[in-house]
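Undergrad: Structure of the sequence below:
(one chain, ligands or ions: 1)
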Amino acid sequence: MSKIAYLGPEGTFTEEALCRLEPDAERLSCPSIPAALEAVRRGEADGAVVPLENSLEGAITSTLDELASGEHLLITAELLLPVRFSLLARPGTELGYVKRVITHQAAHTQCRGFLARELPDAVVISAASTAAAAQEVSLPGSPYDAAIAAPIAGERYGLVEVASDIGDRTDTETRFVLVRRPGPPPPPTGADRTSLVVFLADDHPGALLEMLTEFSVRGVNLTRIESRPTGNGIGNYFFHFDFEGHVADARVGEAISGLHRVCEKVRFLGSYPRADRVAPQIKRGTTDAEYAEAAEWLERIRTGRF
Ligand SMILES: O=C(O)C(=O)C[C@]1(C(=O)O)C=C[C@@H](O)C=C1
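TA: Down below sits the predicted model:
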């Protein structure tokens, strides 16, 4: 049975994502996203499930930064999980009594409206995860009155729902990925996504446009672009790209080889089936057959076979 690490403890959204992605796996709870990824790098787990982006809050930066550095890891699957938050407290707690709330930073920002409206005077303290917050509230003598977490965390830690569905939007979802140690990517399905990290060779006018051109001329549709600081002073960034297609597709292969030629470093993070199963629209002149025909034509003229 494979062992998959996740941001724990039991009852996080990440655990729910893991149960859906790998229902038969043994689950290894980790105290943070970097710890879950390290467990894979060290061989203590076969894979890890980590959140990558949220439809309201955007990127989960600790995941992006961890995947961009250290030993290579490969994304092999993704999942879109609807996220619904509840305010959970010890039985008998009234909403008006809640003064100290604990939750994960991402959950806090997704529930800003509720907190401003219903608990304007409450202090909100950060926890390592929503379930860690619920666990903390359940401890005897806890200094916290309530946690913002998934309803399931309430069941696991003996808390009750003081308010439910408290997110600023009811259609929020988080995209999770399953990562493993490097190996061949899963085979193309016709509805795939590829993820890359790109480091610029140098800073010059048009550097971003040059990168984008590698995708644009091959008809590769980007689904996400993010800049992250390298840490080497203000103004130095690297870039995360997600785009349609599989590294086995000719147009994707050509685009990322182009980036490899013009950029300092390109880190391949994987090609994997899209959770929404949306197939790319392939522009005229960018199919595998058209790339193969063009390569054949070039070979003919290079060898004098007109
Ligand atoms: O704390 C959890 O339950 C998590 O799984 C982490 C996480 C995140 O990092 O975004 C996952 C989904 C929600 O957006 C809130 C928190």
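Undergrad: From now on I want contacts and neighbour counts done on CA atoms only, so please keep to that.
TA: Noted.
Undergrad: domain assignment for this protein?
TA: 1-81+174-183, 86-163, 185-306 (automatic domain parsing).
Undergrad: Include distance to the ligand and mean neighbour count when you put those into CSV, please.
TA: Shown next, in CSV, are those (distance: least, Cα to the nearest ligand atom, whole Å; neighbours: other Cα atoms under 10 Å):
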stretch, distance to the ligand, mean neighbour count
domain 1-81+174-183, 3, 20
domain 86-163, 3, 20
domain 185-306, 16, 16
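Undergrad: Let me have the ones you listed in a markdown table, adding mean pLDDT as columns.
TA: What follows is those, written out as a markdown table (pLDDT from 0 to 100):
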| stretch | mean pLDDT |
| --- | --- |
| domain 1-81+174-183 | 97 |
| domain 86-163 | 97 |
| domain 185-306 | 96 |
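Undergrad: residues in contact with Ser142?
TA: Neighbour list for Ser142: Glu136 [criterion: Cα atoms under 8 Å, 6 or more residues apart in numbering].
Undergrad: swap in the one 5 residues further on?
TA: Taking Cα under 8 Å, 6+ apart as the definition of contact, the neighbours of Ala147 are Leu87, Leu88, Ala89, Val101, Ile102, Thr103, Thr130, Ala133, Ala134, Val137.
Undergrad: Show me the two of these that sit farthest apart.
TA: Ala89 and Thr130 (12.9 Å; Cα to Cα).
Undergrad: So the residue nearest to Arg181 when sequence neighbours are not counted versus Phe268, what's the distance?
TA: In this structure, Arg181 finds its nearest non-sequential neighbour in Leu73, 5.0 Å apart by Cα to Cα, 6 or more residues apart in numbering. Noted for Leu73: a distance of 9 Å to Phe268, by Cα to Cα, to the nearest Å.
Undergrad: ditto for Leu37
TA: From Leu37 to Phe268 the distance is 16 Å (Cα to Cα).
Undergrad: How about the contacts made by Val98?
TA: So Val98 contacts Leu119, Ala122, Asp145, Ala146 (Cα under 8 Å, 6+ apart).
Undergrad: what about 6 Å?
TA: Asp145 (Cα atoms under 6 Å, 6 or more residues apart in numbering).
Undergrad: Got phi/psi on it?
TA: Torsion angles at Val98 (phi, psi; degrees, to the nearest 10) stand at phi -70, psi 120.
Undergrad: Would you list the phi and psi of the residue nearest the centre of the chain?
TA: Most central in the chain under Cα atoms, centre = their mean is Leu52, positioned 1.3 Å from the mean C-alpha point. Leu52 adopts backbone torsions of phi -110, psi -40, taken as degrees, to the nearest 10.
Undergrad: what does Gly219 give?
TA: Torsion angles, degrees, to the nearest 10, at Gly219: phi 70, psi 30.
Undergrad: Skipping adjacent residues, who's closest to it in space?
TA: Lys283 is the one closest to Gly219 (Cα to Cα, 6+ apart), at 5.8 Å.
Undergrad: send the alpha carbons of the helix or strand hosting Leu259 over as PDB?
TA: For Leu259, the host element (DSSP states H and E) is helix 250-262. Extracted C-alpha coordinates of helix 250-262, given in PDB (Å, rounded to 0.1, in the frame of the first residue of the first chain):
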ATOM      1  CA  ALA A 250       5.100  18.400 -29.900                       C
ATOM      2  CA  ARG A 251       3.900  22.000 -29.300                       C
ATOM      3  CA  VAL A 252       4.500  21.700 -25.500                       C
ATOM      4  CA  GLY A 253       7.900  20.100 -26.000                       C
ATOM      5  CA  GLU A 254       8.900  22.800 -28.500                       C
ATOM      6  CA  ALA A 255       7.700  25.600 -26.100                       C
ATOM      7  CA  ILE A 256       9.600  24.300 -23.100                       C
ATOM      8  CA  SER A 257      12.800  23.600 -25.100                       C
ATOM      9  CA  GLY A 258      12.600  27.200 -26.300                       C
ATOM     10  CA  LEU A 259      12.400  28.400 -22.700                       C
ATOM     11  CA  HIS A 260      15.300  26.100 -21.800                       C
ATOM     12  CA  ARG A 261      17.400  27.800 -24.500                       C
ATOM     13  CA  VAL A 262      16.600  31.400 -23.500                       C
END
